[in-house]
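J.: this is the structure alone, sequence omitted:
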């Protein structure tokens, strides 16, 4: 007897010993589940081979396929997220350095760093993420 089933519909494995719990929950027990060996379970729930992802094969069993290249829309979304992340870093650095300036206790180094971070932020703002993946990201200032 198998310890696991595989649902091609959900591309997921389920432990047979939890069938009743799943059946009595909002999730439910998958109607398309097929018995798989423990070896198949281990193979397809471990770390995928480099550049591969698990999908449901036409036979209802799991299989590895190459991860597809991201679409232009996905590349833009990735670039947008990266831009937002770097802008948040710049904002934090600028806020901290601005405190010293506002309190009139900024050192020459802090004034220089503040200007460098503001230049960096402006350069980031000018990035058009529609150019992804061919974006030349500005270099962060040294801190």
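T.: Happy to help now that I have it. Since the model is a prediction, treat every value here as computed from it, not as a measurement.
J.: could you look up the SS state of the most centrally placed residue in the chain?
T.: In the chain, the C-alpha nearest the mean C-alpha coordinate belongs to residue 78, at 8.8 Å (C-alpha atoms, centre = their mean). Of the three states, residue 78 takes helix according to DSSP: H, G, I helix; E, B strand; the rest coil.
J.: same deal with residue 22?
T.: helix.
J.: and residue 37, how many residues sit next to it?
T.: If you count neighbours by other C-beta atoms under 10 Å, residue 37 ends up with 11. Placement of C-beta: from N, CA and C, glycine included.
J.: correct me, but it touches residue 1?
T.: No - using C-beta atoms under 8 Å as the test, residue 37 is too far from residue 1 to be in contact (10.8 Å).
J.: quick one: low-confidence parts of the protein?
T.: Of all residues in the chain, those with pLDDT under 70 make up the ranges 143.
J.: domain map for it?
T.: 4-66, 72-131 (automatic domain parsing).
J.: switch the ones you listed over to a markdown table; also include distance to residue 139.
T.: Formatted as a markdown table, the domains of the chain follow (distance: least, C-beta to C-beta, whole Å):
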| stretch | distance to residue 139 |
| --- | --- |
| domain 4-66 | 29 |
| domain 72-131 | 8 |
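J.: residue 64 against residue 49, yeah?
T.: Yes - judged on C-beta under 8 Å, residue 64 makes contact with residue 49 at a distance of 6.1 Å.
J.: quick one, which of these two is more surrounded?
T.: residue 64 (15 against 9).
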